[in-house]
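Novice: sequence first, then the predicted structure:
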Amino acid sequence: MLKKITTAASVIALCALAACGSGSGGAGSGTGNGSSGDTITMGFAQVGAESGWRTANTKSIQDEAKAAGIDLKFSDAQQKQENQIKAIRSYIQQKVDVIAFSPVVETGWDTVLLEAKRANIPVILTDRAIDSDDTSLYKTFLGSDFVEEGRKAGDWLVQNVNGPTNVVELQGTTGAAPAIDRKKGFEEKIAAKPDIKVVASQTGDFTRSGGKQVMEAFLKSQPKIDVVYAHNDDMGLGAIEAIKAAGKVPGKDIKIITVDAVKDGMTALANGEINFIVECNPLLGKQLMELAKKVVKGEEVPARVVTVEGTFTQEQAKAALPQRQY
Ligand code: AHR
């Protein structure tokens, strides 16, 4: 499955569309390949700020770069692939020591990653994978097993409903690895119970507003909805607003399964408005910085580092909430 500068003026343009610098110099600053002395410079091209998960992920990367003494150049692509490609090209031009990024979508990366390879800048994929035949384009991929997350959601449903069950699915960003894989894993598991049917499935782009809007449309077009399967907490939280506005009780009239387990999602779970959450851990910063140091030194790293994560029922959410970091 894992097959996946410019002038000062263009750097300034990039900064205009992105939050640059992260307190350690903007996309236009820094020495580098890129680095001054022994300091490693990392260019990080983030997806955006679409969800609570993403906010926690960005904070983890910024905090851990600082703790590791890594000079981080950070850009926010606002969920657009072309912005991420521009950011990566800018990092290549600045001769950073390592590039890390979380690809908005799975395909279309070969050209820019080949440019990084030719410039001898190692690339680390974090959070999301790419679909490319050329695995030499990146050193390692650190992140969750999204298919497994979908399977966990499907398993819970199979074990917790009886009889004909109509599911509506709120998909993540079209073409993004977590949207593709969470759908796949879920479908794999619910196939065991032909009574469970996905009657509608549409993207809510991983945002709360997207989830709300799509759920409003589902509530109008679908005569019977028993379950919402949302690919992240934010879309599930948007769906809760739509369900309440339609005079129904989320978690009771319509069961809700989500993925992430960020604080807002966990609070809704503990309150009984969500029924089950599959965890997706955003705190990837520490492992990313450790991998980056090794990659820059030319040391071997595993091709794949899978994040360890669990699941939460309503009772488990009540117990976990007080210590939840994000
Ligand atoms: O890639 C991870 C996913 O992206 C998270 O589940 C979601 O909340 C985010 O937007």
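Specialist: Everything's here; your move.
Novice: and the helix or strand hosting residue 264, what does it pack onto?
Specialist: Take DSSP states H and E as the rule and residue 264 turns out to sit in helix 263-270. In this structure, helix 263-270 makes packing contacts with helix 52-68, helix 233-245, strand 276-279, helix 314-320, judged by 3 or more C-beta pairs under 8 Å, 6 or more residues apart in numbering; DSSP states H and E. C-beta: built from backbone N, CA, C; applies to glycine.
Novice: residues of the stretch 51-200 of the chain that sit close to the ligand?
Specialist: When proximity is defined as C-beta under 6 Å from any ligand atom, the stretch 51-200 of the chain approaches the ligand at 51, 53-54, 127-128, 178.
Novice: output those as TSV; include the columns neighbour count.
Specialist: Shown next, in TSV, are these (neighbours: other C-beta atoms under 10 Å):
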residue	neighbour count
51	26
53	23
54	24
127	27
128	23
178	27
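Novice: tell me which two in the residues you listed are the farthest apart.
Specialist: Among these, the pair separated by the greatest distance (C-beta to C-beta) is 51 and 128, at 13.0 Å.
Novice: so how far is stretch 168-177 from its chain's centroid?
Specialist: In this view, stretch 168-177 has its centroid 11 Å away from the chain centroid, taken as C-alpha atoms, centre = their mean, to the nearest Å.
Novice: that one - what's its average pLDDT?
Specialist: Per-residue confidence for stretch 168-177 averages out to 98 on the pLDDT scale.
Novice: please apply the same query to stretch 205-218.
Specialist: Along stretch 205-218, the predicted confidence averages to a pLDDT of 98.
Novice: could you do stretch 276-291 as well?
Specialist: If you average the pLDDT values across stretch 276-291, you get 98.
Novice: quick check: end-to-end length of that stretch?
Specialist: Across stretch 276-291, the terminal residues are separated by 33 Å (C-alpha to C-alpha, to the nearest Å).
Novice: and that stretch with the ligand, contact?
Specialist: Yes. Contact check for stretch 276-291 against the ligand, using C-beta under 6 Å from any ligand atom: residues in range are residue 280.
Novice: quick check: residue 197 is in a strand.
Specialist: Yes. Following the definition DSSP: H, G, I helix; E, B strand; the rest coil, residue 197 is counted among the residues of a strand.
Novice: secondary structure element holding the residue nearest to it when sequence neighbours are not counted?
Specialist: If the residues on either side of it in the chain are set aside, residue 197 comes closest to residue 166, at 5.9 Å by C-beta to C-beta, 6 or more residues apart in numbering. Assigning secondary structure by DSSP H and E places residue 166 in strand 165-171.
Novice: now for that strand, which elements pack on it?
Specialist: The contact analysis (3+ C-beta pairs under 8 Å, 6+ apart) places strand 165-171 against helix 177-190, strand 196-203, helix 208-221, strand 227-230, helix 233-245.
Novice: just name the most buried of those.
Specialist: Mean neighbour count (mean count of other C-beta atoms under 10 Å) peaks for strand 227-230 among those, with a mean of 27.
Novice: partners of it in the sheet?
Specialist: Partner strands for strand 227-230, per DSSP bridges, with pairing direction: strand 165-171 (parallel), strand 255-260 (parallel).
Novice: and the ones you listed as TSV, adding mean neighbour count?
Specialist: Listed next are the strands paired with strand 227-230 as TSV, based on neighbours: other C-beta under 10 Å:
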stretch	mean neighbour count
strand 165-171	23
strand 255-260	27
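Novice: turn those into TSV, including distance to residue 107.
Specialist: As requested, the strands paired with strand 227-230 are exported to TSV (distance: least, C-beta to C-beta, whole Å):
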stretch	distance to residue 107
strand 165-171	17
strand 255-260	22
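Novice: doesn't residue 106 make contact with residue 180?
Specialist: Yes. Shown here, residue 180 and residue 106 form a contact pair, counting by C-beta atoms under 8 Å, at 6.7 Å.
Novice: returning to what we had before: and the strand holding residue 166, how far from the chain's centre?
Specialist: Centroid separation for strand 165-171 versus its chain: 20 Å, with C-alpha atoms, centre = their mean.
Novice: show me the contact partners of that strand.
Specialist: Residues outside strand 165-171 that contact it (C-beta atoms under 8 Å, 6 or more residues apart in numbering): 157, 179, 183, 186, 190, 193, 195-204, 210-211, 214-215, 218, 222, 224-231, 235-236, 238-239.
Novice: just the CA atoms of it, as CSV, please.
Specialist: Output in CSV follows, covering the C-alpha atoms of strand 165-171 (Å, rounded to 0.1, in the frame of the first residue of the first chain):
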residue,chain,number,x,y,z
THR,A,165,-28.8,-1.5,11.4
ASN,A,166,-28.5,1.5,9.1
VAL,A,167,-25.1,3.3,9.3
VAL,A,168,-24.2,6.6,7.8
GLU,A,169,-20.5,7.3,7.4
LEU,A,170,-18.7,10.6,7.7
GLN,A,171,-15.5,10.2,5.7
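Novice: quick check: the gap between residue 250 and the ligand.
Specialist: Residue 250 sits 19 Å away from the ligand, taking C-beta to the nearest ligand atom, to the nearest Å as the criterion.
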